[in-house]
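Asks: Predicted model and sequence follow; I will ask about them next.
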Amino acid sequence: MTRQELHAQRLLKEAEDRVLFNQTRRHFLKESAMGLGALAFGSLFGCKTEKTKQLSAAIDPANPLLPKSPPFPGKAKSVIFLHMAGAPSQFETFDFKPELSKLDGQDCPPSFLEGKQFAFITGVPKMLGPQAKFAQYGQSGAWVSESLPHLSTVVDEISFLKAVTTDQFNHAPAQLLLHTGSARLGRPSIGSWATYGLGTENQNLPGFVVLTSGGSFPDAGKSVWGSGFLPSVYQGVQCRSEGDPVLFINDPEGMSRDLRKASIDAINDANRQEYETYRDPEILSRISQYEMAYRMQITAPEVMNINDEPQYIHDMYGTKPGKESFANNVLLARKLVEKGVRFVQLFDWGWDAHGNAASNALNVGMLNKYRSVDKPVTALLLDLKQRGLLDETLVVWAGEFGRTPMMENRNGVQNPYKGRDHHTEAFTIWMAGGGIKRGVTYGETDEIGYTAVSGKVDAFDIQATILNQLGFNHEEFTFPFQGRPFRLTDVAGKVIHDIIA
Amino acid sequence: MLLSVTDFIGRFHPVVVHLPIGILLLAALFQLLSRRFSTVAPAIPLTLLFGALGAVLSCITGYMLSLSGDYDTILAGRHQWLGIATAVLAFVFYGIVRYKATIPKLADSMALASIGLITLTGHLGGSLTHGEDYLTVSLSSENTKAGLPPIPNIQEAVLYTDVVQPILKNRCYSCHGPSKQKGKLRLDEHQYILTGGEDGSAIKAGAADESELIKRLLLPLTNDEHMPPKEKPQLTENEVAVLKWWVDTGAEVSKKVKDLKQTESIKPVLAALESGESKETPKISDIPEAEVAPADENAIQAIRKAGIIVLPVSQDKAYLSASFVTAGAGADTLIKLLEPIRKQLIWLRLDDAKISDKTLGLVAGFPNLTRLYLTNTAISDAGLAQLSPLKQLQVLNLVNTKVTEQGLLALKGLQSLRSIYLFQTAVDKSKWASLQTAFPKTVLDSGGYQVPTFETDTVEVKLQ
């Protein structure tokens, strides 16, 4: 062995020794004294806001849906969130822009295109004037298009937000952002947060019910009503408006109620033993879900049945029992809220007004969409009102983003029908009831409705406002996950006080 | 930003300065008393020495603090030289007492001089910290902490001088005014506001959302950047709104309120400032303002066991809500369980419960009820008449019951009633007008709303 080789060997050994030396416990403690000290210092003095309320401690693991008090008295007891999946056009519903009709058919100025991203528009599209006539209604003088003749009669109950913005121009992320506060998957939806914070008044029904219509799920799928990192018992329970409200809710033939009870008890006992061993709270969720399902077998078919509603109610909502429709879902939403369900989430698919087919053209398919929601939504507001429920039920009507003031030219070629592309910079949503001001229009867009100019709000502000109406400060309503408290609005969100009564 | 070491040490000045003040005053007192009580005389030199050293320490920390530049230079300068004079005087005093104890008159006058100097220096120091008018403000007639006095004829007022300046004077000048400029910011003149402080201009005319001044006001109280600091008196919502509006309309110096574009949201604020109300019209709450003792926990548990949901209306209130939504049959006997919480109970939901008119006799014994839901129950006029003791009742839901206008008139004396829901009741439609006159302050909702079916509602649009 040469001297050089010996030297190399010694260096190698030294290096190995050094690794070992670095790995001793004594070394760890010695070297990390400062770090450990800092950690201790941090937990003693820092990292706490003035009043960190650990809401997570309030969950009773054996009965996670037990009703709870909000931190401060909320005006709304329940929420009905009507989501027009696909995003309706603000230009044909509520945001009246006469200036835009003067530009109809002209080339879109480059200033509206430079540095902007669109889902489909490429090259230079043409401007597209409003495809509906508008008038002012009610004492508040709110602008509503002729496409919504029923809703225009109840504008004095509504607060319109005309300058809503988002940063997502594709359906799924925009829907996730609106409902979960993040455009990525994995966060709990607002209905889950609400049931986590408040439980549910009626233990025989789920606290968070989801109803879909329009023939398709929202693009973001079931994640928009998922519970994310919250215990799964808080996820939305999807019910059907056609056939059994929940699949297999009826006992099969030969299974008596007692036998069902006995089998559920046996399963729960086994689960409880499992819980004793592993202490996984999800097992408790499972147990309470079995118990709720058993109770729901009696209550749900009754509440979810609209056949027995009187004829004048069917006339009012325009409902047809036995058919899957938005109208039926709206009526169900009212019945559920009446029975103490905390959060009812409706998704109506088919609002994606591109104009690449007749079914999604502003002057064909969309007219049918307006008709399918106009009457039932109006009926919902009036029906809640006459039952004394509108005061304590917050109704939200929203799409996930807006539409462009330009006509869509997919891949640079004008679409065959009148349509608009996805638009993030301005759209209209509205809220009513649940302590929201009546007959208010908040926020403004520019003359052609391209961008929000005043009263700008985003998804976080809407979430903060909904939580506020339920009695939560969105900044203090958290759940500990991955070592830090998470909240629905993350680090953003401001309650829209201008629309709160 | 990390504090520099001098800055850090300087911040001990307000603490350190109390040492020489106390010690030197004690020494002066000993000196003046020494002829009568000779036992204190030997303590005077040592006390003076400590006091003098403390005074030097105060001078050093004070100088370091003055380097931060947060203070009015003239006032701080005077304070500084008087402080130094005090320290020098203390040493001279010490010298006289220590080495020339034979001249008691001289020592006595030194004692009086140091008392005078300490008082003067201390007063100036206090003025620097708390503002020059700190002492006299409680003597002057207007109570500046409560908010602005009413501004008569606000439309004719000059927005900046008559509205904005008084607000800033009230809430901001003590730290950002002539005597002190925290963060190098002065707000007492228009040009100072524009010049701004360490973080640049305080406002951006026409854009309140981008103006540091407005941003700081709007931050949550818990935020360190929030202004005024949370221990100081805060601006009212209206004051913030009007400042925001002033910036949004261009931060004009001489324009009158009537000459500026008034948004819908600023009009009520201006009206409130004119009438001198610091808050908007008081919101009607369905939760009594008076506090109540928490209900007995055992009683609550017993009620819950019976399937009735009882909850505080919010986590910070002892008032309770009760719901019979899952109570099942036997509600009319279960309601007796609520007796122990009669004082706390304010919201009671009996919708769909199997109750009778008799039950309402018990309900009438819950004196603080503000909301009562009797939807879909078998109650009638006879039961309703028993509810007249519920003076606090604000919302009464009678939807789908047999009550008539006769039963309702028995509740005429309930002044707090805001809404009564009467959909699907036996109220005679022809008596509606007289019923409304009997309840002038109450919204009576007869329901029965209809949404007509238009031809277009059912026709499907097809491509032409």
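Replies: Arrived safely.
Asks: Would you mind listing what in the stretch 201-350 of chain B touches chain A?
Replies: B:220, B:222, B:265, B:285, B:287, B:309, B:311-317, B:323, B:325-326 (C-beta under 8 Å from any C-beta of the partner chain). In this view, the C-beta of every residue, glycine as well, is placed from N, C-alpha and C.
Asks: at 10 Å what do you get?
Replies: The stretch 201-350 of chain B has residues B:209, B:218, B:220-223, B:230, B:237, B:248, B:263-265, B:283, B:285-287, B:304, B:307, B:309-317, B:319-321, B:323, B:325-326, B:347, B:349 near chain A, with proximity defined as C-beta under 10 Å from any C-beta of the partner chain.
Asks: And those residues, which of them are buried?
Replies: B:248, B:286-287, B:304, B:309-315, B:317, B:319-321, B:323, B:325-326, B:347, B:349 (16 or more other C-beta atoms under 10 Å in any protein chain shown).
Asks: From the residues you listed, which land in helices?
Replies: Among those, DSSP state H puts B:Asp248, B:Arg304 in helices.
Asks: now the one residue in the stretch 301-450 of chain B that gets nearest to chain A, nearest residue through space, not along the chain?
Replies: Minimum separation of the stretch 301-450 of chain B from chain A (C-beta to the nearest C-beta) falls at B:Gly447, amounting to 3.0 Å. Counting by C-beta to C-beta, 6 or more residues apart in numbering or on different chains, B:Gly447 lies nearest to B:Phe423, which is 2.5 Å off, once chain neighbours are set aside.
Asks: I'd like to know which helix or strand in chain B has the lowest mean pLDDT.
Replies: helix B:266-275 (a mean of 81; mean pLDDT, DSSP states H and E).
Asks: For that one, which helices and strands make contact with it?
Replies: If you count contacts as 3 or more C-beta pairs under 10 Å, 6 or more residues apart in numbering or on different chains; DSSP states H and E, helix B:266-275 packs onto helix B:237-248.
Asks: Pull out the buried residues from the helix it packs on.
Replies: Going by 16+ other C-beta under 10 Å, helix B:237-248 has these buried residues: B:Asn238, B:Glu239, B:Val240, B:Ala241, B:Val242, B:Leu243, B:Lys244, B:Trp245, B:Trp246, B:Val247, B:Asp248.
Asks: I figured the third one hits B:Leu217, correct?
Replies: Yes - the pair B:Val240 and B:Leu217 qualifies as a contact (C-beta atoms under 10 Å) at a distance of 5.1 Å.
Asks: okay, and the common contacts of the two?
Replies: When contacts are counted by C-beta atoms under 10 Å, 6 or more residues apart in numbering or on different chains, B:Val240 and B:Leu217 have B:Arg171, B:Ala208, B:Gln234 as shared neighbours.
Asks: if I look at the second one, how far off is chain A?
Replies: B:Ala208 is 11 Å from chain A, where distance means C-beta to the nearest C-beta, to the nearest Å.
Asks: Check the last one too.
Replies: Distance, B:Gln234 to chain A, by C-beta to the nearest C-beta: 15 Å.
Asks: For that residue, pull up the helix or strand it's in.
Replies: Per DSSP states H and E, B:Gln234 falls between elements, in no helix or strand.
Asks: Can you say which helix or strand has the nearest residue to B:Glu239 once chain neighbours are set aside in it?
Replies: Closest residue to B:Glu239 apart from its sequence neighbours, by C-beta to C-beta, 6+ apart: B:Ile167 at 5.0 Å. Assigned by DSSP H and E, B:Ile167 belongs to helix B:165-171.
Asks: same deal with A:Trp430?
Replies: strand A:427-432.
Asks: Does anything pack onto that strand? Which helices or strands?
Replies: Looks like strand A:427-432 contacts strand A:78-85, strand A:158-165, helix A:365-386, strand A:393-398, strand A:402-407, strand A:440-442, helix A:459-470 (3+ C-beta pairs under 10 Å, 6+ apart).
Asks: hey, C-alpha coordinates of it in PDB?
Replies: Taking C-alpha atoms only, strand A:427-432 is exported to PDB below (Å, rounded to 0.1, in the frame of the first residue of the first chain):
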ATOM      1  CA  PHE A 427     -68.700  38.900 -11.800                       C
ATOM      2  CA  THR A 428     -71.900  39.200  -9.800                       C
ATOM      3  CA  ILE A 429     -73.200  37.000  -7.000                       C
ATOM      4  CA  TRP A 430     -75.900  37.800  -4.500                       C
ATOM      5  CA  MET A 431     -76.900  37.000  -0.900                       C
ATOM      6  CA  ALA A 432     -80.200  37.300   0.900                       C
END
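Asks: Pairing partners for it, with directions?
Replies: strand A:158-165 (antiparallel), strand A:393-398 (antiparallel) (DSSP bridges).
Asks: In the stretch 201-350 of chain A, where is pLDDT below threshold?
Replies: A:241 (pLDDT under 70).
Asks: Show me where it has its helices.
Replies: A:257-278, A:281-303, A:311-317, A:326-338 (DSSP state H, counting those that start in this stretch).
Asks: Then the stretch 1-150 of chain A?
Replies: Going by DSSP H, counting those that start in this stretch, the stretch 1-150 of chain A shows helices at A:3-22, A:25-31, A:33-45, A:98-102.
Asks: Off-centre distance for the shortest one?
Replies: Same thing as helix A:98-102. Distance of helix A:98-102 from the chain centroid (C-alpha atoms, centre = their mean, to the nearest Å) equals 33 Å.
Asks: how many neighbours does residue 122 have?
Replies: You didn't pick a chain, so chain A it is. Around A:Thr122 there are 13 other residues, counting by other C-beta atoms under 10 Å in any protein chain shown.
Asks: my bad, chain B
Replies: Neighbour tally, B:Gly122, other C-beta under 10 Å: 18.
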